[in-house]
Each structure stands twice: as C-alpha cells, then as structure tokens.
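> Give me a model of this one.
(3 chains)
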Amino acid sequence: MPVAIWWIRRDLRLTDNPALQAARKSGYPVMPVFILDERLMAGPLNRRQRFLISALADLREQLHREGSSLLIREGKPDEVFLSLFKKTEVVRVFAEEDFSPYARNRDEKVSRIVPLTLTKGLTIHPPDAVMKPDGSPYTIFTPYSRKWVSLPAPFLAASVPGEFLPTNRFPASGSLPEVEPVNGSTATREEAETRLALFLSLRIDEYAEHRDRMDRNGTSGLSPYIRFGLLSPGRLTAIIRQEAADVGTEGRRVWLNELIWRDFYQSILYHFPYVKDGAFQPKFRHIPWRDAPGDLQAWKDGLTGYPAVDAAMRQLKTTGWMHNRARMITASFLTKDLLINWQEGERWFMDQLVDGDPASNNGGWQWAAGTGTDAAPYFRIFNPILQGKRFDPQGNYIRRWVPELRPVPDEYIHEPWTIPPLVQTSLGLVPGRDYPLPIVDHGQVKERTLAAYRASST
DNA sequence: TTTTGAGTTGTTCGA
DNA sequence: GTCGAACAACTCAAA
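Numbers count the residues shown, from 1 in each chain, chains lettered A, B, ... in the order given. Predicted coordinates:
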C-alpha cells in the first residue's frame, strides 16, 4: 500500500502543522514517523533530548486517541528511509524545514533516497521572505523587523483539531527510551496550552514591564514548547495580532518582537551558516581568549563570587532554563569579565538548556560577545553587580538559587564581600569560606577586555 | 553615487 | 537621589 510519510522533527503537534497538512493533502494514507537520529541521540540524554522524548510519548498518545499511530525508528535518517523504502511504498516524505547546517545536510541526503517535500513553519516568515530591496539578507535587527512587520502574515489559518489528522492506523512500532521527566517542564500538549492560556490572560500585558525582572514570573515560559513545535510561532503571531487591536498592546508588541528575534537569528544562520563555527564579524575572529579551565568551571558551577551570575548559572544547572536577562548577564561575564571564548558558553548552554536552539543560542552568544550582527559598542560590558541590583532589587532571585546567601540582608546581597565582620559573625557567614570571593575584580577586567578586542580588530 | 541616520536589552561620571 | 552626555569608529540601510 503506498503511503505518505509525515516525518516529525521539531514540529510536535497535530494542529496547524503545514507538514502534516501537506501529507494529508497528498491523498495517501499518512504514516507519522520519528527517527531517533543516532548522531543526535548519542551518549547520555540531556534535558532537551529528554523533553523531546517525553513530548513524543505524549504525541504518540494523541495519535492513538485519534486512531492513528507513531512509527519510531533509530539510526541515520537516510539509512532508515532506505530500509523503510524497501518494505513500504513511500510515495513522498513531508517534513518541516529546518535551517541548521546539520539539518540541511541531513535533509539533502534524505532527499536523494526518497522524494522529500519541506514545508514552512519553523519560522513565521521564511528566511528568504524577509530581504532587502536588492535581494540580499538583512544583518541588522531593526531594519529586519521593520520589513518583517510590513509583510502580510503568512499563515494565519489554524486548522481545527481533527481536520488534518492521519486517519489510517499502522501498527505502531519502535520504542522510545525511558527518560526521567524534565523537572519544571512537563512535556505535554496540555501543559503547553495551559501555559499559553495563563500567559495570555495574566501576564502578557505586563510583559514589557516585567520581562526583565529575574525575581518575577514575568516571562512566558513557553520557550521549550516553541522549540519543539508543541506551539507554533505562526499561531502565536496570529493570536497576538488578532488581540492587539483591543487591549494593552505594549506587552503584546514587545512579546511579538521576541518572536521576530527568533526569526531573525534563524535567518542569520540560514544565510550565514559559518556563524556556527565562528564570529559573524571577521574582525573579531582573533580575540586572544584566555584558556582558564578553572574559571570556566567556576562559571558553570555558579561559584564566581558574583551572586547574580551564580544564581543564574545554578538555575540553569538545576532546571535547564535560565531567565533571559540572566542569560545576558552570565554571557557578558564569561566573555567580558573572564575573557573566555563565547563558544565555550554556547556549548555549555546547549548542553544544559531545555529550550536550546542552535540559531537563537548562537545569535545570543555572539550578541553578548560583541562578535555578532549587532554593531556592538565596545563599551557594552555588563556590570554584574549593577544588573543584579536593577533586575533583582531585593535579591530574591539570588536567595532562591544561592541558598548560602539566604540570610544576607538586602543591602549586602549583591556584594557579599562587603559584609562587615560583625555582621558576618551574626550571620555565621564568612565570604571566602561559605561563599566564594569574586574570582575576578570587575573594575579591573574592563581594560583587559578592551585591549583584547582591540587586538583582534586591528 | 553619495549622503545621512541609526544601531535590543549599558555604564560611568559629573553637574 | 536624578539626569544628560560621553564613551570609537564603523557599517549597514535607505533615501
């Protein structure tokens, strides 16, 4: 029996899914397939992989309820399709496009084995739809976003549940690895919908005001769900734009801007794939980074002696998620204070983050390091103390993630090394013994960093 | 072709 | 405490 395959990669949803819709429209029975790519699933599974596996288990249940099934295979995708092709008459494979260099290479290989149709959907506007009048890609966010906003919405029509479901039941086969659920990020459709509804009803109008506060629950908390397509960016945009006309538009506008940033970095990775391996700006390819494994480890462990940095790094290590503001603070600290190559940070974040995305992560790190698309002013060196005071005024974010600092009064919480000896005694907390002294002096590193960047650009 | 305005999310200093 | 200016020079985007 001839079939169409819906090849699931990072679009784990049954509604408003262009790849699934295209497979359905082919008229052939649709066989949903997920391939556990041996090159992506090697070794112990990180949080992101565990989230993916859990979300897949949930998707499999949804498929079962709808009278369909999920086929799971393991190996190299091209080889998997070759063997599938031998047993089944695969008319065509439908999948959502993916712009990472690895994914593009993988899809190119697969397309030599089976007819492959890639559909839109990873981004709201495809990378080659947002271009300058002369046909070249934007490299600065603001003009990119102006153009983005001026374009008509590409796909507003969300399909009704059930409308495009695969209706033919194949014997389910293959199994998913047993994984520990990711603490704090329940990987189900239901959880995604609940979070979205709560964010839209309770927090989005205050988003512009609260998003930077590390001590508040002001962000959407949707990133892992968008990362794996449990929520589609197209649908989110439709919701925002539809409701923006009525109420509290500022928070909505600012949140939409974050989705545009996501598109922007996907576009950068698509048009400039070399950013995966180094600086976007050639003049910053030769910064004399420090080789300092001890400092790098202290950063990873949240033991730098700067409370805001340490709180953030421990939040990451504990939960797999970090507040956006904290991502900037820790990235600035690694690159500008410790003068350690941003690629070390990029790798660590990809190791730890449940929402880690190659395009956004790379773009964010290059922005922080000043090597990226932004015309990075040389003076953009975050002061980790000031940032802490500004975005965690009472130090509650710090107290949450750095338990040894819990008893410290507000006035010293961002600079525990300044606690007077008498207060140390009454608190029973000695900086240097119970919590690290700063591993670098922020006041001193500035000159070193400026010199290193100057050395690269001349 | 030339010109002009501008560039995510900062920091510091001095009035 | 607040506020505005300085902090390089460069490249990009658009008129």
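
> ok, the residue in the stretch 1-150 of chain A positioned nearest to DNA strand B - how many residues close by?
Among all residues of the stretch 1-150 of chain A, residue A:142 sits closest to DNA strand B, at 3.2 Å; criterion: C-beta to the nearest atom of the strand. Just so you know, the C-beta spots here come from the backbone N, C-alpha and C atoms, and that holds for glycine as well. Neighbour count of residue A:142, defined by other C-beta atoms under 10 Å: 10.

> Just the residues contacting the helix or strand where it lies, thanks.
Here residue A:142 is covered by helix A:141-150, with elements defined by DSSP states H and E. If you take C-beta atoms under 8 Å, 6 or more residues apart in numbering as the criterion, helix A:141-150 is touched by A:125, A:130-132, A:138, A:257, A:260-261, A:263-264, A:267, A:373-374.

> Check stretch A:103-119 too.
A:5, A:9, A:18-19, A:21-22, A:37, A:77-78, A:81-82, A:85, A:90-98, A:273.

> how does it look with 6 Å?
A:18-19, A:22, A:77-78, A:81-82, A:85, A:90, A:92-97 (C-beta atoms under 6 Å, 6 or more residues apart in numbering).

> Give the residue spans of the stretch 201-350 of chain A that score low on pLDDT.
The stretch 201-350 of chain A contains residues with pLDDT under 70 at A:243-248.

> Please report the distance of residue A:124 from residue A:53.
27 Å (C-beta to C-beta, to the nearest Å).

> Would you show me how to pick out the buried ones of the contacts of stretch A:103-119 in ChimeraX?
Selection of buried members from the contacts of stretch A:103-119 for ChimeraX, criterion 16 or more other C-beta atoms under 10 Å:
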select /A:18,19,22,77,78,81,90,92,93,94,95,96,97
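
> Just the ones in strands from the contacts of stretch A:103-119, please.
A:90, A:92, A:93, A:94, A:95, A:96 (DSSP state E).

> Quick one: those as JSON lines, columns for pLDDT too.
Listed next are these as JSON lines, based on pLDDT from 0 to 100:
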{"residue": "A:90", "pLDDT": "94"}
{"residue": "A:92", "pLDDT": "97"}
{"residue": "A:93", "pLDDT": "98"}
{"residue": "A:94", "pLDDT": "97"}
{"residue": "A:95", "pLDDT": "98"}
{"residue": "A:96", "pLDDT": "97"}
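
> Would you mind listing the two of the residues you listed that lie farthest apart?
Distance extremes for the ones in strands among the contacts of stretch A:103-119: the farthest pair is A:90 and A:96 at 17.7 Å, using C-beta to C-beta.

> hmm, back to that, which single one of the contacts of stretch A:103-119 is nearest to residue A:308?
Closest to residue A:308, out of all of the contacts of stretch A:103-119 and judged by C-beta to C-beta, is residue A:96, at 37.6 Å.

> partner residues bridging the closest one?
residue A:119 (DSSP bridges).

> isn't it right next to residue A:21, touching?
No - contact criterion C-beta atoms under 6 Å: residue A:96 and residue A:21 do not qualify, at 10.8 Å.

> can you pull out the helices in the stretch 51-200 of chain A?
A:77-87, A:101-111, A:141-150, A:189-198 (DSSP state H, counting those that start in this stretch).

> mind checking the end-to-end distance for stretch A:195-210?
Start and end residues of stretch A:195-210 are separated by 17 Å (C-alpha to C-alpha, to the nearest Å).

> Would you mark the buried spots in that stretch?
A:195, A:196, A:199, A:200, A:203, A:204, A:205, A:207, A:208.

> what do you get for stretch A:277-284?
A:279, A:280, A:281, A:284.

> contact partners of it?
By C-beta under 6 Å, 6+ apart, the list of residues contacting stretch A:277-284 reads A:285, A:366, A:371, A:372, A:373, A:456, A:457.

> and if you look at stretch A:315-324?
A:47, A:184, A:214, A:312, A:352, A:354, A:401.

> Three-state assignment for the third one, please.
Following DSSP: H, G, I helix; E, B strand; the rest coil, the label given to residue A:214 is coil.

> can you count the residues close to it?
So residue A:214, with other C-beta under 10 Å, has 27 neighbours.

> Work out for me the element the spatially closest residue to it that is not a sequence neighbour sits within.
Once flanking residues are discounted, residue A:214 sits nearest to residue A:397: 4.1 Å by C-beta to C-beta, 6 or more residues apart in numbering. In this structure, residue A:397 is located in helix A:396-401 according to DSSP H and E.

> Who are the packing partners of that helix?
For helix A:396-401, the elements it packs on are helix A:307-319, judged by 3 or more C-beta pairs under 6 Å, 6 or more residues apart in numbering; DSSP states H and E.

> Would you mark the buried spots in the helix or strand that the helix it packs on is followed by?
Next in sequence after helix A:307-319, counting helices and strands by DSSP H and E, comes helix A:324-332. Buried residues in helix A:324-332, counted by 16+ other C-beta under 10 Å: A:325, A:326, A:327, A:328, A:329, A:330, A:331, A:332.
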